[in-house]
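J.: Got a predicted structure plus its sequence, pasted below:
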Amino acid sequence: MPKRVLIGTVTSDKTDKTVTVKVERKVKHPLYGKIIRRSKNYHAHDESNEYVVGDTVRIEETKPFSKTKTWQVTDRLVASKGTALEADIDVEAATPGN
């Protein structure tokens, strides 16, 4: 039986060797016919803690690592933009009269 493969975005990397991946899918509403988004969070195994929040990753179904973790991150598709850092640079304001 082939393993299921999903693509999603990392939403949390706070736990050790685990990332939370949000997978979104589009489905048609059964009565009204409008296309709506459904999402689900999966806990995936990340052995080297290399994936960060915002990365788009591919996860694959595996044997259970723990009670809630039955997926493993296989590779990164798109890297995140990163987080903004505050620069501690002292810049003197140049006044036009001086």
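T.: It's in.
J.: how many neighbours does residue 15 have?
T.: 12 (other CB atoms under 10 Å). C-betas here are computed from N, CA, C, even on glycine.
J.: tell me the phi and psi of it?
T.: Reported as degrees, to the nearest 10, the phi and psi values for residue 15 are phi -80, psi 150.
J.: what about it, distance to residue 73?
T.: Residue 15 sits 13 Å away from residue 73, taking CB to CB, to the nearest Å as the criterion.
J.: How about residue 52?
T.: 12 Å.
J.: Same drill for those two, tell me which one is more crowded.
T.: Taking neighbours as other CB under 10 Å, residue 52 and residue 73 compare with residue 73 leading, 23 against 15.
J.: Pairing partners for that one in the sheet, please.
T.: With DSSP bridges as the criterion, residue 73 is bridged to residue 59.
J.: per-residue confidence at it?
T.: For residue 73, the pLDDT comes out at 97.
J.: got it, and residue 86?
T.: At residue 86, the predicted lDDT confidence score is 59.
J.: cool, residue 81 as well?
T.: So, for residue 81, pLDDT stands at 82.
J.: What count of nearby residues applies to it?
T.: Residue 81 has 7 neighbouring residues, counting by other CB under 10 Å.
J.: Repeat that for residue 19.
T.: 27.
J.: So it is in contact with residue 41, correct?
T.: No - with contact defined as CB atoms under 8 Å, residue 19 does not reach residue 41; the gap is 10.4 Å.
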